[in-house]
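Engineer: Just a sequence and a predicted model for now, questions to come.
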Amino acid sequence: MVGLRCLFAALLIAFAPVFAGAGERIVPAESGALAAAISGASPGDVLILAPGRHDGPVTLPFAITLDGRNAATIDGNGQGDVIRVTGPDVVVRGLTLVGSGNAHPVVDSAVKLDRSAERALIENNLMIENLVGVHVFGATDSVVRGNMIIGRQDQRMNDRGNGIYVWNAPGTLVEGNDIRFGRDGIFANASRENIFRDNILRDLRFAVHFMHTNMSEVSGNASIGNHLGYAIMFSNRTQLRGNLSLRDRSHGLMLNFANNADVSGNLIRGGTHEKCTFIYNAHRNVFVGNRFEGCDIGIHFTAGSERNALTGNAFIGNRTQVKYVGTRDMEWSHGARGNYWSDHASFDLDGDGIADAKFRPNDMMDHILWSQPAAGLLLGSPAVQLIRFAQAQFPATLPGGVRDSFPLMRAPEIAVPDDIARMEAEARPAWQYGRLDDAELDPLTSH
């Protein structure tokens, strides 16, 4: 017993300097009080901001917690970043943040995490009409969780800032945020080993936008009513799993110079989509268990995209299931298991779940219509129907293109949570009603 008391006393002495410097303080909502409290604080202190308005901008140079308990506002007065974090292990929680500057070159933000701001936690804040919500500027192992970010609407979409901007910040976790308006919901550039999951992204240009971002995960997100859902550009080894793209305008998913991606379990549901998925010069990607539904084009492959594997996917009710202009034959099945095609009329006499007839989604007339749209006037003519009948009887006359040798008889089901389905039904994106002057955004060039 005496030994245990001595050990306990020794531990208290060893940790006394740590506990002595830490404390919880109330900061009144008075002019200059917050800056004075930060200046007088010690590493480890917790500053509880009283309800009301507090002056910004402020800088956090060491480990400290700012907690607004969902009742305090920090106003940056239009000057730079509302909160700039330069020290490690900072926590910013439960605050309303408004009034950032509007300078794009320095990326004015509600919260900016500098390179030295490792292991920051930014959670459960409300950020309203700042240029950028959170700018993770090289800070490693940061967590941005559970925030609501409402971007600006007073400028052209391309002139606004992003909800969350991650630059060269390995280990960043962006999770459970609700981001609306502004330019892109989450923009990651020159980064790696990031995780972006379970976010809701609405009324934006791109929901998630990757540029030169490698070995990262995009999972469980919902893109609703944006111009484009998930734009993966010049990036390698991205995991895109279990995401939703609902009522997005142009594409649900775009891979542009993106290689070795794992694309699985995603639902892209159109009604407004031009293309569920656009694959542009992208190679060695795997598509498994996705559902592409109700778009003008299910998947558009172009620009020499090669060695991509597709199996277990569903193509349902797309006006054109696949658009591929090329002379090579591409087999879209793997391990004697292909994809489901809603327009494939076939039987399964042996009951193994695989259609008894192979499927080719395109014929020579499709190629003519893509290259000569005016030929669509002849689509219902006897000559066109005769050509299509002949090709069906003599497959050797078909051009190169996609072939599924083992079509599935049943489509994979992907459920939409009730709250997300309600947002989808209530979505009223500005572009759908012609209220945006830059609605004709080019997903490949205007990034």
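Structural biologist: In hand now; what should we look at?
Engineer: helices or strands up against the longest strand that the chain contains?
Structural biologist: Across the chain, the longest stretch assigned as strand under DSSP state E is strand 65-75. Applying 3 or more C-beta pairs under 8 Å, 6 or more residues apart in numbering; DSSP states H and E, one finds that strand 65-75 contacts strand 46-49, strand 52-55, strand 91-98. Placement of C-beta: from N, CA and C, glycine included.
Engineer: Now do the same for the second one: mean pLDDT, whole number.
Structural biologist: Which is strand 52-55. The average pLDDT for strand 52-55 rounds to 98.
Engineer: which parts of that strand are buried?
Structural biologist: By neighbour count on 16 or more other C-beta atoms under 10 Å, the buried set for strand 52-55 is His54, Asp55.
Engineer: Tell me which strands that strand pairs with, and in which orientation.
Structural biologist: strand 65-75 (parallel) (DSSP bridges).
Engineer: Return the angle between stretch directions for the partner strand and strand 91-98.
Structural biologist: Interaxial angle of strand 65-75 relative to strand 91-98 (axes from the mean of the first three to the mean of the last three C-alpha atoms, to 10 degrees): 10 degrees.
Engineer: Can I get strand 65-75 as CSV, trimmed to CA atoms?
Structural biologist: Output of strand 65-75 as CSV, limited to C-alpha atoms (Å, rounded to 0.1, in the frame of the first residue of the first chain):
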residue,chain,number,x,y,z
THR,A,65,-9.6,25.0,-27.7
LEU,A,66,-12.2,27.6,-28.7
ASP,A,67,-15.7,26.3,-27.8
GLY,A,68,-18.8,28.4,-28.6
ARG,A,69,-21.3,25.8,-27.4
ASN,A,70,-23.4,26.7,-30.4
ALA,A,71,-24.3,30.1,-29.1
ALA,A,72,-21.2,32.3,-29.9
THR,A,73,-20.3,34.1,-33.2
ILE,A,74,-16.9,35.2,-34.3
ASP,A,75,-17.0,38.0,-37.0
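Engineer: Residues in contact with that strand: which ones?
Structural biologist: 29, 34, 45-56, 58, 60, 82-83, 90-99, 124-125 (C-beta atoms under 8 Å, 6 or more residues apart in numbering).
Engineer: after that strand, next one along is what?
Structural biologist: Next along the chain after strand 65-75, taking DSSP states H and E as the criterion, comes strand 83-85.
Engineer: what packs against that next one?
Structural biologist: Looks like strand 83-85 contacts strand 58-60, strand 91-98, strand 109-113 (3+ C-beta pairs under 8 Å, 6+ apart).
Engineer: which of the contacts of strand 65-75 count as buried?
Structural biologist: 29, 34, 45, 47-50, 54-56, 58, 60, 82-83, 90-99, 124-125.
Engineer: For the helices and strands packed on strand 83-85, give me JSON lines that also has mean pLDDT and distance to Phe137.
Structural biologist: As requested, those are exported to JSON lines (pLDDT from 0 to 100; distance: least, C-beta to C-beta, whole Å):
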{"stretch": "strand 58-60", "mean pLDDT": "98", "distance to Phe137": "14"}
{"stretch": "strand 91-98", "mean pLDDT": "98", "distance to Phe137": "15"}
{"stretch": "strand 109-113", "mean pLDDT": "98", "distance to Phe137": "6"}
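Engineer: check which helix or strand covers Val208.
Structural biologist: Residue-wise, Val208 maps onto strand 206-211 under DSSP H and E.
Engineer: name the helices or strands packed onto that strand?
Structural biologist: Using 3+ C-beta pairs under 8 Å, 6+ apart: strand 206-211 touches strand 186-189, strand 228-233.
Engineer: Export the ones you listed to CSV and append columns for mean neighbour count.
Structural biologist: Listed next are the helices and strands packed on strand 206-211 as CSV, based on neighbours: other C-beta atoms under 10 Å:
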stretch, mean neighbour count
strand 186-189, 26
strand 228-233, 28
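Engineer: Let's have those strands in a markdown table, adding mean pLDDT.
Structural biologist: Output for those, formatted as a markdown table (pLDDT from 0 to 100):
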| stretch | mean pLDDT |
| --- | --- |
| strand 186-189 | 98 |
| strand 228-233 | 97 |
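Engineer: related to what we said a few turns ago, partners of the strand holding Val208 in the sheet?
Structural biologist: Paired neighbours of strand 206-211 in the sheet (DSSP bridges): strand 186-189 (parallel), strand 228-233 (parallel).
Engineer: Indicate which one of these is closest to Val416.
Structural biologist: strand 228-233 (14.1 Å; C-beta to C-beta).
Engineer: Past that closest one, which element shows up next along the chain?
Structural biologist: Next element after strand 228-233 (DSSP H and E): strand 239-241.
Engineer: Direction included, what does that next one pair up with?
Structural biologist: When DSSP bridges is applied, strand 239-241 pairs with strand 217-219 (parallel), strand 262-264 (parallel).
Engineer: what's in contact with the first one?
Structural biologist: Around strand 217-219, the neighbours that count as contacts under C-beta under 8 Å, 6+ apart are 194-198, 208, 210, 230, 232, 238-243.
Engineer: now it: how far from the chain's centre is it?
Structural biologist: Relative to the chain's own centre, strand 217-219 is displaced by 8 Å; criterion: C-alpha atoms, centre = their mean, to the nearest Å.
Engineer: ditto for stretch 274-285
Structural biologist: A distance of 16 Å separates the centroid of the chain from that of stretch 274-285, by C-alpha atoms, centre = their mean.
Engineer: for stretch 248-263, same thing?
Structural biologist: 11 Å.
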